[in-house]
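J.: Okay, structure incoming, though there's no sequence with it:
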Ligand SMILES: [Ca+2]
Ligand SMILES: [Ca+2]
Ligand SMILES: [Ca+2]
Ligand SMILES: [Ca+2]
Ligand SMILES: [Ca+2]
Ligand SMILES: [Ca+2]
Ligand SMILES: [Ca+2]
Ligand SMILES: [Ca+2]
Ligand SMILES: [Ca+2]
Ligand SMILES: [Ca+2]
Ligand SMILES: [Ca+2]
Ligand SMILES: [Ca+2]
Ligand SMILES: [Ca+2]
Ligand SMILES: [Ca+2]
Ligand SMILES: [Ca+2]
Ligand SMILES: [Ca+2]
């Protein structure tokens, strides 16, 4: 159906569902190659490829609400560093995960891309956390 | 011959054979790029690329029965997270391995794929456990 | 400076400059991996990687205006096929090029991406037109 | 919503919509990496990666109905060669396209994969038809 | 079941089945990355990656018999050039295809690999024959 | 030794030497991934990966002088299109080659790279001219 | 606007802005594939691909000033090892980061490239620091 | 010369030579992409890509005898797991290495490949042991 | 055995054997990634990756003599262009092939590699001649 | 100028220069894809791709002398294992580095390549030592 994209991250209703495997440690990875926001200085569009990893506790994020939440940055001004970290913090608050991290791989501005890597703290031992292995920026040739 | 695909994971008879190298620690990896199940909400097909690693104890999984067990999800509704973890738990119960893990690399829904990573606990030292290195999702371009 | 993104393709002022090498046949390729529009049915965002090739006549497209024109689809509803072709036709009208083509490589919807390939007609002989070689969609694994 | 997967290709209602760019020659490519059918000899699942290219005439295929049509092979027995060609012929009948082709890239059986390549005839000149460039099968190493 | 590998290509019974799409021009590609024969000079094993393309007429090759035929070179002495071409000629004789080709990509001997490319003649127009695109030999680094 | 980089393309002394295989048609390709010039509007640096192909007549370009000529753009303002084409024309004038082309693969500005492809005219038949196959720009992910 | 490139690293005014996420540990990565300096022995141009990682404390580097600072090496003589390390030290002095590293991947001289890897000391635990994974130099083939 | 391939692993004479760098810890890696054995159940050929790493003590394996030993599995029935581990044990017995491991990357059977990873125990610290990084199995697409 | 490397190309005895498939048109490709010669100006070593394609007439080149012939450039001074073309001409003279070509992919000197592409003339129709597809030079990043 | 290649490693004068960043821990990597020596048994050429990493103390190796030293193996007989390790030991003696390692990636002999990995001992903590990530040997396909 015709779900309306929220106007801003604040307006987005990020939802959680009960973790069907609560009590078991595992990692969930979401890859969102379709992220866009606005530059708060110039209003021009920014684009990023995002990868979010988390070890759920009692809750899983509800997938469709996550998609809408990420979509809500479309008309929202945000600096690369703060934007990436704020997504993690919003999920952290909602999900109270055992652990969470986000990699934000931003498209180049001025020919020079920025990547932002954040995690909630030391990774727990005994849980499998593969590297994200998003290729580095290459330029040309 | 014309082996019948089991109707559901519960119907599948997963079998084990004696480990010919029992007493030696080594890792076995199965890669199944041909996995499909049904979405329990919509009934629509889901697809995944699965990689299973285990360190056998007394038992190896019998390969053909593993193939049929994985094939039995074909007409079975299962959420990504629970489906991936349940396959590991079924193998764990049957094989009592020294250690086991599964990576479930699901095809995108709503443009955003989910990966699920589960292991039975801290990896034993002294056994060689290479990374799975399944490429991340790229989108386009 | 803070250039304002046009509200729609119709509002965008696509500009041309004199071709400094008019009289010489050559090909210009623009690659825009940061394209987004809205689905006219659901209002949800769509993303594409675009590659535009043209053989200029009297005119070159002015780069910044091209960027703003492509950016103007951000809040605009457009079907994949018509959107891709309409970009080519707008450029064709403005530039009167010897020849032009566009490849639109859209991100998957329902797990199945669409590519759209359009050119203004038979490619002229004697001009070098390399293939775009954008990798096909891979899914997972 | 909960669309029901058709029981067989015959049951699937493949639909067409008016081509919004009728009168313009262009190519549309659909990539479906999530295709599965049954082996008519053994009843065991087969998997394929499909890429369909067509030059629309008066009609476009309606995307969701195409997805359901392809999904309808899930419980249907079909040989690789005939299955691939039959999909093309069904689309040809419905769409009366200027031209159409399909590449079926099947997963290995007995360690040896089959690819099937079909087109409706000589490709029209003046229309851009990029190669599909699906990587060849590699085995291991 | 326990099919016996033929002792030599002469002993192998290569079989054909009726082409279910006779009257339609299409291409079938078999990839066999598991080919081995013996060097007729030294008796040492040789290995190759083979790719066979053909446009069937009245007949398709029966897949299992093709696998056994290729397997029958295992204890058979054959030079790279003649071995590759002879496989094509055997298939040509059996299938009377509209057209056929084989690429034999042999592992290096003396550090220098040989590839052999053979086809039955000019490729028919109007049939789609994608390139095989097997990567060239790289050495190290 | 300490060769001085010329101040501008005009100051660079591009030299030629006799073609040791004059009378034989062959192609020479130079790849220069270390090219930089200045934007004539802003004075900011631009970078490109260049690939030059030519079929020599009586003359070969002297390699070191070619390197210095390309290096002479370092402090020189030049638009992407004109810069790429002018390099070809300078070589054409000096060498009077049977045929020549240049691919200029420029780093992105405003997130959108430009490629420029120029050749002196229809490629002669009977000479082998492989594609340059420089990978397209990918953005991120 | 037409910002003037500084004449030397000493002349470049590298600027810092307040870290909007001060108090949170995260990593920022800048990739600059467009770096060039001069060889202090011969005056000839050198090129490098640079990747800078840092964990900000109170300050972030201001992106445009970083670009100009890196651009200021254009007419500056610097040995590979010292140049790479000096960039890190300049940033360290300005930003007082929790940790910083730089990878300098230099283009080959004499056919043999040099890479330089420097970090300010032991990486802090609990912060996510992905590998840079810049591909090694390959030569040809 | 015409060395005769041994009939079985038992018949193969695996030889050792004095380690010219005895007393120095280093790793030797052999890659054998040309391995084949027989399935003990069906007699059909199996293929594998093998990578063997070891830290020599007093002895190195003699290369040609290693090649013949691996070749001796050609007409020998062996299960994937036991075959891979037994090669390591044979080398271990002969060489008394400081440490040894083997990765066996088997071609798919039933569409699902098996990898086997074995090492003699905890890797010694202070010796450099790079990952084998053999790509995972991909299926198609 | 201990074959002696010839001192120069003139000293090398390149040999031919009867084509076992004379009367059939096919292509043979040799890849030699281990080629080295000397720079005639400086005496310093040069390296190249060579790929030779030919359509045999009455004769095949004898592989070991080809290896020794290519090895004979080791202490021989030769310019890139002339060296590559001369190898082709020597083979042409010996083999009288229906057609022949060589690609010489030289390692960079002064940071800029040269490729040389030569063929004996227009390629015959009806014979399959795949592209060599040796990757272009990339520099770094 | 015309520097003479030393006749043997013993004749090569490997030189050192003062480390301009002495007192700072960093890693220097040299990649030499153009290495060749002779087989001491047969006199035939061997080729390798070498990667050398070191953490300098008071000294850096002088680049040109390193190139000549590596070039001096051209007419020198050396076994793969001893050759690789001896290069490291020569550098260790000259430079007294904090740490050093070498990876020798040799081209296949008998179809089976050898890699040799040596380091001077446990890597120091607090210094960044990226993996060399030279791709494994692939064979064909
Ligand atoms: Ca940019
Ligand atoms: Ca890791
Ligand atoms: Ca690792
Ligand atoms: Ca989707
Ligand atoms: Ca082309
Ligand atoms: Ca094409
Ligand atoms: Ca070899
Ligand atoms: Ca092509
Ligand atoms: Ca083609
Ligand atoms: Ca071509
Ligand atoms: Ca082509
Ligand atoms: Ca790591
Ligand atoms: Ca199989
Ligand atoms: Ca160089
Ligand atoms: Ca071609
Ligand atoms: Ca690592």
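T.: Done, it's in. None of the values given here were measured: they were computed from a predicted structure. Ligands and ions are numbered 1, 2, ... in the order given.
J.: my read: residue A:66 touches residue A:14, true?
T.: Yes. Between residue A:66 and residue A:14 there is a contact under C-beta atoms under 8 Å: 6.7 Å. Just so you know, the C-beta spots here come from the backbone N, C-alpha and C atoms, and that holds for glycine as well.
J.: ok, the two, which is more surrounded?
T.: residue A:66 (23 against 20; other C-beta atoms under 10 Å in any protein chain shown).
J.: Provide the backbone phi and psi angles at that one.
T.: Main-chain dihedrals, residue A:66, degrees, to the nearest 10: phi -70, psi -40.
J.: Next up, the contacts around it.
T.: Neighbour list for residue A:66: A:14, A:30, B:112 [criterion: C-beta atoms under 8 Å, 6 or more residues apart in numbering or on different chains].
J.: got the phi/psi numbers for the last one?
T.: What it means is residue B:112. Residue torsions, per degrees, to the nearest 10, at residue B:112 are phi -130, psi 110.
J.: That one bridge partners, please.
T.: residue B:109 (DSSP bridges).
J.: tell me the secondary structure for the closest residue to chain E within chain A?
T.: Among all residues of chain A, residue A:141 sits closest to chain E, at 17.8 Å; criterion: C-beta to the nearest C-beta. Secondary structure, DSSP: H, G, I helix; E, B strand; the rest coil: residue A:141 is coil.
J.: got a pLDDT number for it?
T.: For residue A:141, the pLDDT comes out at 94.
J.: Look at the residue in chain A that chain G sits nearest to and say how many residues are nearby.
T.: Nearest residue of chain A to chain G: residue A:139, at 3.3 Å (C-beta to the nearest C-beta). Neighbour count of residue A:139, defined by other C-beta under 10 Å: 25.
J.: how about the nearest residue to it once chain neighbours are set aside, what does it touch?
T.: Closest residue to residue A:139 apart from its sequence neighbours, by C-beta to C-beta, 6 or more residues apart in numbering or on different chains: residue G:33 at 3.3 Å. Residues in contact with residue G:33 (C-beta under 8 Å, 6+ apart) are A:111, A:137-140, F:47, F:107, G:49-50, I:141.
J.: ok, which pair from these is furthest apart?
T.: With C-beta to C-beta as the measure, no two of the contacts of residue G:33 lie farther apart than A:140 and G:50, at 15.6 Å.
J.: circling back to that earlier point, could you dump the contacts of residue A:66 into CSV and include pLDDT?
T.: Converted to CSV, these look like this (pLDDT from 0 to 100):
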residue, pLDDT
A:14, 97
A:30, 98
B:112, 97
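J.: in chain A, which spans are strands?
T.: A:16-18, A:26-38, A:45-55, A:59-61, A:99-106, A:114-119 (DSSP state E).
J.: Share the number of residues neighbouring whichever residue of chain A sits closest to ligand 7, please.
T.: Of all residues in chain A, residue A:141 sits closest to ligand 7, at 31.4 Å by C-beta to the ion. For residue A:141, the neighbour count with other C-beta under 10 Å is 24.
J.: Which residue is the nearest non-sequential neighbour of it?
T.: residue F:49 (3.4 Å).
J.: wait, the one you found sits on residue F:134?
T.: Yes. Counting by C-beta under 8 Å, residue F:134 is a contact partner of residue F:49 at 6.6 Å.
J.: shared neighbours of those two, which are they?
T.: A:140-141, F:105.
J.: Let me know the closest of the residues you listed to residue H:80.
T.: residue A:141 (42.0 Å).
J.: about what we covered before: if I pick the residue nearest to residue A:141, what's in contact with it?
T.: Contacts of residue F:49 by C-beta under 8 Å, 6+ apart are A:140-141, F:31-33, F:35, F:104-105, F:134, I:139.
J.: If any of these are buried, put those into a PyMOL selection.
T.: If you want just the buried ones from the contacts of residue F:49 in PyMOL, going by 16 or more other C-beta atoms under 10 Å in any protein chain shown, the selection is:
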select buried, (chain A and resi 140+141) or (chain F and resi 31+32+33+35+104+105+134) or (chain I and resi 139)
